[in-house]
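Peer 1: Fold the following.
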Amino acid sequence: MWGESDINAYTVRPRLVLAPILHSRSYSARVTGYVEGKNVAFEYRWAGGEYNRSQALAADLVRRRVTVIATIGGTPGALAAKASTASIPIVFQIGIDPVQVGLVASLARPGGNLTGVTTLAVEVGAKRLELLRELVPTAKIIALLVNPTNPALSETLSKDVRAVARVTGLELHVLHASTEHDFDTVFGTLHELRAGALVIGTDAFFNSRSEQLAALTLRHAIPAIYQYPEFAAAGGLLSYGSSYAEAHRLVGNYTGRILKGEKPADLPVQQATKVELIINLKTAKALGLTVPDTLLARADEVIE
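Peer 2: Numbers count the residues shown, from 1 in each chain. Predicted structure coming up:
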């Protein structure tokens with residue numbers, strides 16, 4: 001699953017599409033007419049959240065003269081792909097305004113060789129804090145975990161969450177992690193701060209370690225929220241964010257259309273608008289928390 005591994009590129013040779021968009025395979029085959037092993041071939045490149053590898057991976061795909069590159073691992077992978085080619089079509093999936101980071105000229109008319117899909121990673125970042133506060137109203141000290149090696153996303157998210165914390169009278173501390181070794185420091189700091197809850201910022205590095213982060217929050221008894229369902233399924237308290245299945249389908253659809261001859265410059269950047277709230281009731285009980293009925297009623301799924 002995408003949430004378990006950082007997939008940074010997908011390529012297509014003439015008549016062959018490489019798509020590491022696992023949840024999009026059946027959708028793309030049905031809608032675009034491409035079937036893996038029949039008229040499409042998939043190649044995969046993983047950076048594992050190590051963004052310094054993105055450029056080399058993208059360059060390798062360009063050397064192979066692939067037909068299409070799709071990056072669904074976030075902004076660093078998309079920027080690396082753009083820097084590697086001005087001719088091969090690129091379909092990206094990112095959680096921030098692509099105009100802001102220089103990927104496209106405009107959302108309606110991307111221009112150049114890129115188009116793609118945006119998710120509500122930043123837009124709902126502050127909402128995650130609000131949901132966590134609703135479930136843990138006694139928490140006055142909150143931490144936000146971000147990856148500093150992805151500044152385009154982490155800085156914008158930090159700014160938005162700080163603004164909400166300021167208005168609601170919460171004490172917010174921004175913590176950093178970009179390697180697994182950082183996690184021990186982060187959870188040690190949470191203890192020192194006596195933080196009552198943790199918001200985990202969206203990032204491909206964290207995506208690939210959702211289960212590990214969930215286990216750590218349980219071990220340290222920290223109520224926490226993250227974007228994707230894998231976190232809640234693995235024992236995290238809450239997950240809230242864009243549906244990656246929807247985003248992957250949109251990326252797969254655009255890739256198929258490009259293979260059929262359409263140009264990225266003519267395909268407006270789309271936004272995945274579906275959001276999902278998952279509550280792990282078992283974890284809430286283990287943490288001694290009572291989930292309000294109003295919150296349960298809004299959940300898309302409750303894990304018991």
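Peer 1: what's in contact with stretch 148-157?
Peer 2: Under the contact criterion C-beta atoms under 8 Å, 6 or more residues apart in numbering, stretch 148-157 has outside partners 51, 74-76, 95-96, 100-101, 121-122, 125, 144, 146-147, 176, 178, 201-205. Glycine gets a C-beta too; all of them are placed from N, C-alpha and C.
Peer 1: repeat that for 6 Å
Peer 2: Applying C-beta atoms under 6 Å, 6 or more residues apart in numbering, the set of residues contacting stretch 148-157 from outside is 51, 75, 95-96, 101, 122, 125, 146-147, 176, 178, 201, 203.
Peer 1: Where strands are concerned, which of those residues count?
Peer 2: With strands defined by DSSP state E, the entries of the contacts of stretch 148-157 inside them are 146, 176.
Peer 1: Which one (most neighbours) among the contacts of stretch 148-157?
Peer 2: Comparing those on neighbour count, D203 comes out first with 31 neighbours (neighbours: other C-beta atoms under 10 Å).
Peer 1: My read is that that residue contacts V146, right?
Peer 2: No - taking C-beta atoms under 6 Å as the contact criterion, D203 and V146 are not neighbours in contact, 7.0 Å apart.
Peer 1: ok, which stretches of the stretch 101-250 of the chain are strands?
Peer 2: Per DSSP state E, counting those that start in this stretch, the stretch 101-250 of the chain carries strands over the ranges 114-118, 141-146, 171-176, 197-200, 224-226, 238-242.
Peer 1: Give me the sheet partners of the shortest one and which way each runs.
Peer 2: Sheet partners assigned to strand 224-226 using DSSP bridges are listed as strand 197-200 (parallel), strand 238-242 (parallel).
Peer 1: Let me see the mean pLDDT of it.
Peer 2: On average, the pLDDT along strand 224-226 is 97.
Peer 1: again with stretch 62-74
Peer 2: Regarding stretch 62-74, the rounded mean pLDDT is 85.
Peer 1: And for stretch 106-119?
Peer 2: According to the model, stretch 106-119 has a mean pLDDT of 94.
Peer 1: quick revisit: nearest to E246 among the contacts of stretch 148-157?
Peer 2: Proximity to E246 was ranked across the contacts of stretch 148-157 by C-beta to C-beta; first place goes to G95, at 13.5 Å.
Peer 1: which residues are contacting stretch 126-134?
Peer 2: With C-beta under 6 Å, 6+ apart as the contact definition, stretch 126-134 has outside contacts at 160-161, 164, 197, 199, 225, 240, 295.
Peer 1: So which bits of it are buried?
Peer 2: Residues of stretch 126-134 classed as buried: 126-133 (neighbour count, 16 or more other C-beta atoms under 10 Å).
Peer 1: what helix or strand is A86 on?
Peer 2: In this assignment (DSSP states H and E), A86 forms part of neither any helix nor any strand.
Peer 1: Just give the number of residues close to it.
Peer 2: The criterion is other C-beta under 10 Å. On that basis, A86 has 10 neighbouring residues.
Peer 1: Against G111, how distant is it?
Peer 2: Computed as C-beta to C-beta, to the nearest Å, the A86 to G111 distance reads 11 Å.
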